[in-house]
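Undergrad: The following comprises the amino acid sequence and a computationally predicted model.
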Protein chains: 2
Amino acid sequence: MRASVLRNGHMTYRDDVAEPTPGPGQVLVGVRACGICGSDLHFAAHGPEVLAMSSRLSHGDGYTNTDLSRDVFMGHEFCAEVIEAGPDTDTYPAGTLVASIPVLLSAKGVEPIFSSNDTIGGYAERMLLSAPLLLPVPNGLDFRHAALTEPMAVGLHAVNKAGVDVGDTALVLGCGPIGIAIIAALRMRGVETIVASDFSQKRRELASIMGAHQTVDPAVSSPFEHVKATVVFEAVGVPGMIDEVILRARPGTRLIVAGVCMQPDTVHPFFAITKEINVQFVLAYDPEEFATSLRALAEGLIDVSPLIAGEVDLAGVGAAFDDLADPERHCKVLVTP
Amino acid sequence: MRASVLRNGHMTYRDDVAEPTPGPGQVLVGVRACGICGSDLHFAAHGPEVLAMSSRLSHGDGYTNTDLSRDVFMGHEFCAEVIEAGPDTDTYPAGTLVASIPVLLSAKGVEPIFSSNDTIGGYAERMLLSAPLLLPVPNGLDFRHAALTEPMAVGLHAVNKAGVDVGDTALVLGCGPIGIAIIAALRMRGVETIVASDFSQKRRELASIMGAHQTVDPAVSSPFEHVKATVVFEAVGVPGMIDEVILRARPGTRLIVAGVCMQPDTVHPFFAITKEINVQFVLAYDPEEFATSLRALAEGLIDVSPLIAGEVDLAGVGAAFDDLADPERHCKVLVTP
């Protein structure tokens, strides 16, 4: 079958990938759409560093075993259609549109569907999912929108971890896909003051459409001059952001770090101590948040259509990876096999 | 009157300090004992850096106006005896032993009693306090112990901010006065597993006496090999500690940063993100925590006598500041004018 795989740091089209076979508890699905995530771009460009950093963490992460000298499957923001269940496995009827957290249960254990030499991800014609994890897409939601359940769940999780309530004044730094998902979740929560900051005009416009009440260009003035935030979301993920927040923020600020900064970063603990800042680092979401996110899309509480900047087929994934480096052009590109 | 003042980076004895006069709402007190705090040692040695760092924080702190070319009064861990009240001011009878948060209310506003060219602190024969803030020392508690209400309140506050409960497994890194105060507060809270780490054998012994169930010498093995902590208290305050915790700690760990690191510090956000670490930076305490701390000492819930390594008079403060650099020799030295 066809797939786009990471080979020597580039996404490469292949039409000779072996067809996956569902084992017990697994379901063969046809991928309808898969979003390209910033973490995929980062892994493609900096795979060795990501694996080296991950292997330093004692609790491990499964994917640290990925062998970059072999082809790597990626794609974890997918919506798919049931084809057939494995042996002794009940699932939804063939043709049912489903979403799932990107995890494959097998006899080997729990494998994240993120980067793997063996477990096929969403940049392929077909893949395996786990029957117990499948969520049927409700309300006739478009499969392109359903594919964005995953990134929107990341935003919802960040907002949940922040313990945000309506009276909070929220500042979101960075309006890429994670920042946008946070803004959407804040708006859904009913937060009355949402300020978003990004150097890109395109992204600021998108932030407004998705729910920000005010946007700031940090090239013109610091967002901290515009808002007395009680909660700040860092969704940029480059060195220096955390220190900038703890220097500029008000005493008692909750800082939620959702941007994944891979480099060492310099901070001044003295600033954070003097202000008693709380820093909550966040990652991913739990299954319930994923399900909530899917329901929010299906019920129209969040409309992700403004995020979708384009569609490519499997042969176009490589070019799309290159294009996405430019924030003025794209937010989210879908691969539709 | 007599006092020890900071002059050219050294504590200097003076016998010609002008007697303070209580204004309305103020009380003249005679200092009975004042603990020497690590922050005083740090300010004496690195005053210009502390003031420069503090002045970068927009919300200011009052004491950033301290002029280091003039004599500076310090001493914020005191117990004193009422002498007389200012005009139109009710207070406790002369001779009453009192404690107070180190703050002086005046027509100028709220002044911290920490380092000041004007407001006299506890390294003096007499000082001014604020009538509404005075707490009589109950139960005949020794004035030497009552003077340690303040550092013990710092530990209580850190434990409160951590939201610690009995079932938590707590690891305390650093057993100087702050670490010890945290251990005492954890023990008072009923926490069943308290592990303390320090390079100094003396301090590890003190940690055990004050309530640690287990102590670790980090020169021999990492404390993270001995305990699966749910909450980690950083009470060392040197660069590298935060990164060590986020590298070594378990997913979901709450890290309470109580050690005041003045230097820039390098961290790897990736570690903290992958584990969803929460970092709560803490400073000081609120008035209620201060009062709770005094009550805990007076009721025997915390016995601070093992902490008190020595007493000096006002002429001996300079030498005591030099001595306290050695963790094998001293934990807390009291100035008893």
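TA: Nice, thanks for sending it over.
Undergrad: CA only for contacts and neighbour counts going forward, please
TA: Fine.
Undergrad: Helices along the stretch 151-300 of chain A, start to end?
TA: In the stretch 151-300 of chain A, the segments counted as helices under DSSP state H, counting those that start in this stretch are A:177-189, A:201-210, A:241-248, A:269-275, A:287-298.
Undergrad: what's near enough to touch the residue in the stretch 1-150 of chain A positioned nearest to chain B?
TA: Residue nearest to chain B within the stretch 1-150 of chain A (Cα to the nearest Cα): residue A:57, separated by 6.4 Å. Residue A:57 makes contacts with B:247, B:248, B:271, as judged by Cα atoms under 8 Å, 6 or more residues apart in numbering or on different chains.
Undergrad: quick one, which of the helices of the stretch 151-300 of chain A is nearest to chain B?
TA: Taking these one by one with Cα to the nearest Cα, helix A:269-275 is closest: 4.8 Å.
Undergrad: Now residue A:294. Nearest residue, chain neighbours left out?
TA: Of all residues not flanking residue A:294 in the chain, residue A:149 sits nearest, at 5.2 Å (Cα to Cα, 6 or more residues apart in numbering or on different chains).
Undergrad: surely the one you found meets residue A:289?
TA: No. Applying Cα atoms under 8 Å as the test, residue A:149 and residue A:289 come out as separate, 9.7 Å apart.
Undergrad: Who has more neighbours out of the two?
TA: Neighbour comparison, residue A:149 and residue A:289: the larger count goes to residue A:149, with 29 against 20 (by other Cα atoms under 10 Å in any protein chain shown).
Undergrad: gap between the more buried one and residue A:101?
TA: 9 Å (Cα to Cα, to the nearest Å).
Undergrad: Now do the shared contacts for those two.
TA: What both residue A:149 and residue A:101 touch, as defined by Cα under 8 Å, 6+ apart, is the set residue A:290.
Undergrad: tally of neighbours for the closest residue to residue A:251 other than its chain neighbours?
TA: Closest residue in space to residue A:251, ignoring its immediate chain neighbours: residue A:275 at 4.1 Å, by Cα to Cα, 6+ apart. Residue A:275: 21 surrounding residues under other Cα under 10 Å.
Undergrad: Model confidence for residue A:275, exactly?
TA: Per-residue confidence (pLDDT) for residue A:275: 96.
Undergrad: How about the contacts made by the closest residue to residue A:2 other than its chain neighbours?
TA: Nearest residue to residue A:2, sequence neighbours excluded (Cα to Cα, 6+ apart): residue A:15, at 4.0 Å. By Cα under 8 Å, 6+ apart, the contact set of residue A:15 is A:1, A:2, A:3.
Undergrad: at 10 Å instead, please
TA: Residues in contact with residue A:15 (Cα atoms under 10 Å, 6 or more residues apart in numbering or on different chains) are A:1, A:2, A:3, A:4, A:124, A:125, A:314, A:315.
Undergrad: Might you report the residue contacts of the spatially most central residue of chain A?
TA: Geometric centre of chain A, nearest residue: residue A:151, 3.6 Å, by Cα atoms, centre = their mean. Residues counted as contacts of residue A:151 (Cα under 10 Å, 6+ apart) are A:35-37, A:76-77, A:177-178, A:180-182, A:284-285, A:290, A:293, A:332.
Undergrad: which of those are close to chain B?
TA: Near chain B, judged by Cα under 10 Å from any Cα of the partner chain, the entries from these are residue A:284.
Undergrad: returning to what we had before: right, and the residue nearest to residue A:294 touches residue A:296 too?
TA: Yes. Counting by Cα atoms under 10 Å, residue A:149 does reach residue A:296; the two are 8.9 Å apart.
Undergrad: where does the stretch 51-200 of chain A have low pLDDT?
TA: A:58-64 (pLDDT under 70).
Undergrad: Work out for me the element residue A:320 sits within.
TA: Assigned by DSSP states H and E, residue A:320 falls within helix A:317-323.
Undergrad: chain center to that helix: distance?
TA: How far helix A:317-323 lies from its chain's middle: 17 Å, per Cα atoms, centre = their mean, to the nearest Å.
Undergrad: what does the model give the residue lying closest to residue A:35 once chain neighbours are set aside for pLDDT?
TA: Counting by Cα to Cα, 6+ apart, residue A:334 is the residue found nearest to residue A:35 once chain neighbours are left out, at 4.4 Å. On pLDDT, residue A:334 comes in at 96.
Undergrad: swap in residue A:330?
TA: pLDDT recorded at residue A:330 is 66.
Undergrad: quick revisit: filter the contacts of residue A:15 down to the buried ones.
TA: Buried positions within the contacts of residue A:15, assessed by neighbour count (16 or more other Cα atoms under 10 Å in any protein chain shown), are A:2, A:3, A:4, A:124, A:125, A:314, A:315.
Undergrad: Flag the shaky bits of the stretch 201-337 of chain A, pLDDT-wise.
TA: Counting by pLDDT under 70, the stretch 201-337 of chain A contains low-confidence ranges at A:327-330.
Undergrad: how about residue A:269, what does it touch?
TA: A:243, A:246-247, A:275, A:277, B:237-239, B:242, B:257-266, B:281 are the contacts of residue A:269 under Cα under 10 Å, 6+ apart.
Undergrad: same thing but 6 Å
TA: Residues in contact with residue A:269 (Cα atoms under 6 Å, 6 or more residues apart in numbering or on different chains) are residue B:261.
Undergrad: re earlier: just the buried ones among the contacts of residue A:15 now: which is nearest residue A:158?
TA: residue A:124 (29.2 Å; Cα to Cα).
Undergrad: is it true that that closest one touches residue A:3?
TA: Yes. Assessed by Cα atoms under 6 Å, residue A:124 is found in contact with residue A:3 at 3.9 Å.
Undergrad: Can you classify residue A:325 by secondary structure?
TA: coil (DSSP: H, G, I helix; E, B strand; the rest coil).
Undergrad: what's the distance between residue A:151 and residue A:301?
TA: Residue A:151 is 15 Å from residue A:301, by Cα to Cα.
Undergrad: Equivalent analysis for residue A:106, please.
TA: 34 Å.
Undergrad: Near residue A:141, how many other residues are there?
TA: Residue A:141 has 16 nearby residues by other Cα under 10 Å.
Undergrad: got the residues of chain A near chain B?
TA: A:261-262, A:264-270, A:272-273, A:276-283 (Cα under 6 Å from any Cα of the partner chain).
Undergrad: Which parts of the stretch 51-200 of chain A are strands?
TA: Under the criterion DSSP state E, counting those that start in this stretch, the stretch 51-200 of chain A contains strands at A:73-74, A:77-85, A:97-99, A:103-106, A:109-112, A:115-116, A:126-130, A:135-136, A:169-173, A:193-197.
Undergrad: export the ones you listed to JSON lines and tack on distance to residue B:198?
TA: Shown next, in JSON lines, are the strands of the stretch 51-200 of chain A (distance: least, Cα to Cα, whole Å):
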{"stretch": "strand A:73-74", "distance to residue B:198": "45"}
{"stretch": "strand A:77-85", "distance to residue B:198": "46"}
{"stretch": "strand A:97-99", "distance to residue B:198": "50"}
{"stretch": "strand A:103-106", "distance to residue B:198": "42"}
{"stretch": "strand A:109-112", "distance to residue B:198": "39"}
{"stretch": "strand A:115-116", "distance to residue B:198": "41"}
{"stretch": "strand A:126-130", "distance to residue B:198": "48"}
{"stretch": "strand A:135-136", "distance to residue B:198": "51"}
{"stretch": "strand A:169-173", "distance to residue B:198": "39"}
{"stretch": "strand A:193-197", "distance to residue B:198": "43"}
